[in-house]
Each structure stands twice: as C-alpha cells, then as structure tokens.
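Novice: Compute the structure for the input listed below.
(one chain, ligands or ions: 1)
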Amino acid sequence: MNRAGSGGPAGLAGLLAAAVLLAGCTADDPDPAGNPTPTASASTEASTEVVHDDGPPTPVDDPALDVALSEPVEDSVYPEVGDPGVDALHYDLDLHWAPTGRTLDALETLVFRSTADAERFQLDFSKVLTATSVTLDGEAVEFEQVGKDLVVHTPVSRDQRYSLEIAYAGTPQPAAAPTTRRDFNTTGWTITDDGETWTMQEPYGAFTWYAVNDQPADKALYDFTLSVPAPWVGVANGELESRTTEGEDTVTRWHLADPAASYLVTVAMGDFEMTRDESSSGVPITYWTPRDDPATVRGLRATPEALDWLEEKLGPYPFPSLGILLVDSRSGMETQSMITLGSTPYTTLPEVIAHELAHQWYGDEVTPDDWRDVWMNEGMAMYLQGLYEVDHGDEPLEAKMDYWASFEPRLRRESGPPADYDPATFGEGNVYYGPALMWHELRRRIGDDAFFALVRDWPQAHEDANAGRDDYLPWLEERTGLELSDFFDAWLLGPRSPSRD
Ligand SMILES: [Zn+2]
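Specialist: Next up, the predicted model:
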C-alpha cells in the first residue's frame with residue numbers, strides 16, 4: 001500500500017510533485033489497437049437468470065495445487081480473522097454483478113486442505129451475504145452463518161483435501177478498517193454511486209465478498225469468471241484468458257498462476273477501457289482505466305520504465321503479466337500482478353507506481369505470515385520508492401534520509417514501534433519510514449554490493465512463499481556474517497528511534 005494522504009509530509013510533497021508532473025505532461029496517446037471494442041448485446045430479452053459456467057472443476061488431488069500449500073497460523077495482530085484449520089489451495093470465483101440492483105450473485109468453489117482432524121471448520125464470510133447452498137465433495141452439508149463466519153458442520157481429516165462449493169448472494173458492504181489513515185477507513189467490496197465496484201482489502205476484507213481464509217499466511221491460486229452487463233467489464237488478478245459477450249453480459253475469465261494471499265486479491269466491475277503496453281524485458285502490461293476519462297492512461301505510461309528500474313535492482317519481475325487498474329479510491333494497493341490505484345493525482349504518480357511494483361517482490365512474491373511483519377513489505381517498498389525518487393529527481397539520497405528521519409520519531413510515538421504496532425493503527429507511517437531508514441543504515445554498514453545482493457536474493461529465495469521475522473532476520477545475519485540482533489531490535493521494536501551513524 002502507498003502512503004497517500006495519510007503521512008502528512010509525504011502527502012503534501014506528493015501533491016506538489018503531482019502539479020509538476022501534470023504541468024510537464026506531454027501527449028502520449030493510448031494505443032487504440034490495444035482496446036477491444038465493447039460489443040453491446042443485440043438481445044432484447046431481459047434475462048435475470050445467472051449462468052454459472054465454471055468449466056471443468058479443479059480435481060482436489062491435482063499436484064498443480066501443491067504450490068499453494070501453506071502453514072496457516074492464528075494471526076497475532078488480528079486473531080479474529082482467518083482460521084489456521086483451513087489451508088486454501090484454489091478459489092474458483094464465479095461472480096455476477098447487477099449494477100442496478102447492487103446484487104452480487106456468486107458460485108464459489110474452494111479446494112482446501114484441512115490442517116487438523118475436526119468436527120467442523122470455518123471461513124470468513126460477511127454476514128450481509130446469504131449462503132443458499134453448501135456442498136463438500138458434491139454432498140450437501142450443514143452450515144450456519146455466525147457473525148462474520150461461515151461454519152460448516154461436517155467432519156474433516158488432517159491433510160485431506162476437499163472441494164467446497166458455496167452458492168451465495170447479496171449486496172456486499174465494506175468492513176471497518178483497523179486504521180487511523182486518512183485515505184481509507186473501510187476495506188473490501190465497495191460500490192460507487194454509479195454501481196461500479198472495486199476492492200482494497202488490507203489487512204483483511206476479502207470476506208466482504210467471498211468465503212475465504214482471510215489471513216496473509218494462507219496463499220492460494222485463483223480463477224475468476226466475472227459477468228456484468230455490457231459494455232462494462234470485470235477485471236481481476238492474473239491473466240485475462242477470455243472475454244466474451246454472453247446474452248447481455250460481458251464475461252471475462254482471469255487466471256492467477258501464482259498463489260496469493262487474500263489481501264492481494266482484486267476484482268472491479270465497471271466501464272473500463274483496456275490499453276496494452278510492455279516493459280523492455282517483455283512483460284505484457286495492461287491498463288484498465290475509465291472509458292469516460294481517456295486522459296488517465298497517460299500517467300500510467302511511467303509503468304514500463306519503473307518496472308525496468310526495479311528489475312535492474314531486484315531481478316526479473318516475478319509474475320507472467322502486469323496490470324494497473326484505476327478505481328474510485330483514494331489509496332493504492334499492490335494487488336498481485338494487477339495493481340489497484342485510486343484515480344487521484346498522488347496515487348498515480350510514477351513513484352507510487354514504483355512503490356506498488358516493488359511490492360510485487362516484497363509482499364506478493366514473498367508474503368508475511370503474520371500482520372506483525374507488515375514492516376517487511378512497507379519498509380523495503382518505501383526504501384525502493386525513495387531510491388526511485390532520488391534517481392528521478394534532484395534531491396540527494398542523504399538529504400532524503402535526513403528528512404525522513406526528521407519525522408520518523410513522531411510516527412513511532414503515535415503508532416508504536418514498526419514491528420510491535422498498535423493494532424488499531426494498521427498501515428501507519430511507522431511501518432514505512434523506520435524500517436526504510438533501517439535498510440539505509442544496513443546499506444551503509446555493509447556496502448552497496450552486499451546490500452543490493454540481499455535485496456535481490458530474499459524474494460527469489462522465497463518464491464510463492466510466506467516468511468516472517470524469524471526467517472528473515474537470521475537469514476540476514478547469516479548472509480552478512482554480522483550479529484545484528486541489537487540493531488534490528490532497536491529499529492523494529494524500540495519505542496524511540498535509534499541514532500543514525
Ligand atoms: Zn506499500
């Protein structure tokens with residue numbers, strides 16, 4: 001996530017930079033060849049029937065699902081969300097959105113591994129949605145909705161895999177976010193005045209629109225089938241496999257080939273136009289921008305250069321494709337391989353794009369196994385954003401670090417140490433700037449070559465995996481040959497900011 005509008009200094013600097021950017025903007029027309037022509041249905045039959053067309057089901061024992069095996073744990077910061085009894089492997093989400101009635105009609109198929117012998121299991125699932133049928137391996141099972149949980153009453157065995165199918169419907173409502181940030185106070189499925197939808201759901205909130213083990217420790221694969229009245233279109237993570245018109249609906253199928261934590265999932269339904277682009281290394285890029293505001297795509301044209309810059313630092317981009325989706329939000333989110341950005345001057349700046357791109361390695365490829373370690377995402381993304389800004393601006397690196405250090409103690413005082421923060425202040429500046437300064441201090445200690453080798457190797461050594469501080473910090477000590485526990489404790493857990501060298 002970016003720091004839009006909530007960090008004080010960064011927000012103001014961002015707005016000033018945005019003014020400069022807009023003033024210096026030159027014409028860069030979107031590639032019209034890349035835009036598929038929407039086909040409005042010629043059918044005059046008004047049909048309210050929802051067609052769920054899933055294709056062949058994923059076999060529960062498919063070894064291709066093994067990449068999504070996880071070790072879910074009860075989250076130490078938000079223990080009320082997620083269930084360590086469930087290891088989700090694959091979500092197949094077949095979603096139909098009716099903008100006029102604001103109704104989501106869905107069929108979900110979840111393949112999961114039970115991590116324990118149990119008489120029941122549960123998923124996070126909004127109480128404003130109604131599950132109408134639940135089957136396990138094709139057999140109807142007893143279930144109940146208790147608060148924000150869907151509890152399935154049927155015995156499951158440790159390490160057995162199951163296919164759970166849930167039919168549900170309703171008008172999703174976003175959930176209260178455990179934060180004091182100014183750029184968002186709810187998470188999850190959000191409906192605009194026009195009936196368009198989008199979602200940002202960190203640290204949780206996926207449960208506002210599907211039944212999910214909504215915690216970072218449980219990565220899973222995804223397939224989406226999204227139906228919405230044409231010419232609107234549904235956009236999601238991964239690669240667009242097909243786009244057809246069926247009856248009055250646009251139907252898109254999306255496949256996410258690498259496992260993702262639920263907070264990195266995105267779906268939006270709206271009147272989007274697609275524009276194609278490509279990085280120098282050949283990563284296919286698509287932009288999904290409002291059809292009625294074609295100028296917005298210009299700002300996103302910084303993406304290939306930012307990706308080139310990051311690949312130079314971090315190695316090859318970890319996923320098959322990249323997208324950027326512009327929605328009616330005030331924040332920005334590193335949703336896996338389809339970044340979701342609010343349509344604001346700040347959240348579409350090149351450095352914010354670079355920040356969310358950096359998360360594709362730090363956060364998405366390697367993901368914290370507990371929200372206490374969100375600093376592992378934001379510290380490195382913020383540091384790389386700072387380096388990107390230095391490379392593309394006039395401010396010397398040391399001046400930028402001095403500036404960050406000037407307000408970092410206040411953030412630590414307000415929201416707690418970066419790795420022991422107040423749960424009610426998720427994603428505040430303390431998890432960004434303190435850890436970013438820590439990385440800069442480590443770089444000064446060990447030198448550029450050793451530092452950037454670490455930066456590059458950590459995500460590559462943990463591809464598609466989860467990891468926490470108990471993995472990361474010993475790895476850093478082993479790689480550097482230094483005893484760094486006092487250094488890390490001071491930066492990550494100290495109530496006061498350490499002095500800098
Ligand atoms: Zn971030």
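Novice: wait, R301 sits on D277?
Specialist: Yes: R301 is in contact with D277 according to CB atoms under 8 Å; the separation is 7.1 Å. (Glycine included, C-beta is placed from N, CA and C.)
Novice: tell me which parts of the chain are close to the ion?
Specialist: With CB under 5 Å from the ion as the criterion, the chain meets the ion at residues 1, 378, 381.
Novice: Closest one to E312 out of the residues you listed, please.
Specialist: Closest to E312 out of the residues of the chain next to the ion is A381 (16.3 Å), distances taken as CB to CB.
Novice: Save the residues of the chain next to the ion as CSV, and put in neighbour count and secondary structure too.
Specialist: CSV is the format used below for those (neighbours: other CB atoms under 10 Å; DSSP: H, G, I helix; E, B strand; the rest coil):
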residue, neighbour count, secondary structure
M1, 29, coil
E378, 30, helix
A381, 27, helix
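Novice: Turn those into JSON lines, columns for pLDDT.
Specialist: Formatted as JSON lines, the residues of the chain next to the ion follow (pLDDT from 0 to 100):
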{"residue": "M1", "pLDDT": "86"}
{"residue": "E378", "pLDDT": "98"}
{"residue": "A381", "pLDDT": "98"}
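Novice: Could you list the low-pLDDT ranges of the stretch 51-200 of the chain?
Specialist: 51-57 (pLDDT under 70).
Novice: in the stretch 301-450 of the chain, what residue is nearest the ion?
Specialist: A381 (4.3 Å; CB to the ion).
Novice: Contacts only, for the nearest residue to that residue once chain neighbours are set aside.
Specialist: Setting aside the residues directly before and after it, A381 is nearest to A358 in space (CB to CB, 6 or more residues apart in numbering), at 4.4 Å. By CB atoms under 8 Å, 6 or more residues apart in numbering, the contact set of A358 is 310, 314, 380-381, 384-385.
Novice: Okay, and which of these map to helices?
Specialist: Judged by DSSP state H, those include 310, 314, 380-381, 384-385 as members of helices.
Novice: In a markdown table, list those residues along with distance to V283.
Specialist: Shown next, in a markdown table, are those (distance: CB to CB, whole Å):
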| residue | distance to V283 |
| --- | --- |
| L310 | 11 |
| L314 | 13 |
| M380 | 20 |
| A381 | 19 |
| L384 | 17 |
| Q385 | 20 |
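Novice: Let me see the ranges of the helices in the stretch 401-501 of the chain.
Specialist: Counting by DSSP state H, counting those that start in this stretch, the stretch 401-501 of the chain has helices at residues 430-446, 448-461, 469-480, 485-488.
Novice: Please name whichever of those helices is nearest to D66.
Specialist: By CB to CB (comparing all of those), the closest turns out to be helix 448-461, at 18.8 Å.
Novice: What helices and strands are in contact with that closest one?
Specialist: Counting contacts by 3 or more CB pairs under 8 Å, 6 or more residues apart in numbering; DSSP states H and E, helix 448-461 packs against helix 303-314, helix 430-446, helix 469-480.
Novice: Determine which stretch of these is the most buried.
Specialist: helix 430-446 (a mean of 23; mean count of other CB atoms under 10 Å).
Novice: Alpha carbons of that one, in CSV - could you do that?
Specialist: In CSV, the C-alpha atoms belonging to helix 430-446 read as follows (Å, rounded to 0.1, in the frame of the first residue of the first chain):
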residue,chain,number,x,y,z
ASN,A,430,5.7,3.9,11.4
VAL,A,431,5.8,0.7,9.4
TYR,A,432,7.1,2.6,6.4
TYR,A,433,9.8,5.1,7.4
GLY,A,434,11.5,3.5,10.4
PRO,A,435,12.2,0.2,8.5
ALA,A,436,13.2,2.1,5.4
LEU,A,437,15.8,4.1,7.4
MET,A,438,16.9,0.8,9.0
TRP,A,439,17.6,-0.6,5.5
HIS,A,440,19.6,2.5,4.6
GLU,A,441,21.7,2.1,7.8
LEU,A,442,22.3,-1.5,7.0
ARG,A,443,23.4,-0.5,3.5
ARG,A,444,25.9,2.0,5.0
ARG,A,445,27.3,-0.7,7.2
ILE,A,446,27.8,-3.5,4.6
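Novice: tell me what it is packed against?
Specialist: helix 375-391, helix 397-415, helix 448-461, helix 485-488.
Novice: how about 6 Å then?
Specialist: Helix 430-446 sits against helix 375-391, helix 397-415, with contacts defined as 3 or more CB pairs under 6 Å, 6 or more residues apart in numbering; DSSP states H and E.
Novice: Which of the ones you listed has the highest mean neighbour count?
Specialist: Note that of these, helix 375-391 is the most buried (mean count of other CB under 10 Å), with a mean of 24.
Novice: quick one: that one to chain centroid distance?
Specialist: Chain-centre distance of helix 375-391: 17 Å, with CA atoms, centre = their mean, to the nearest Å.
Novice: so for the helix or strand harbouring E351, what's the average pLDDT?
Specialist: Following DSSP states H and E, one finds E351 within helix 350-361. Averaging pLDDT along helix 350-361 yields 98.
Novice: what angle separates that helix from helix 375-391?
Specialist: On the basis of axes from the mean of the first three to the mean of the last three CA atoms, to 10 degrees, helix 350-361 is oriented at 140 degrees to helix 375-391.
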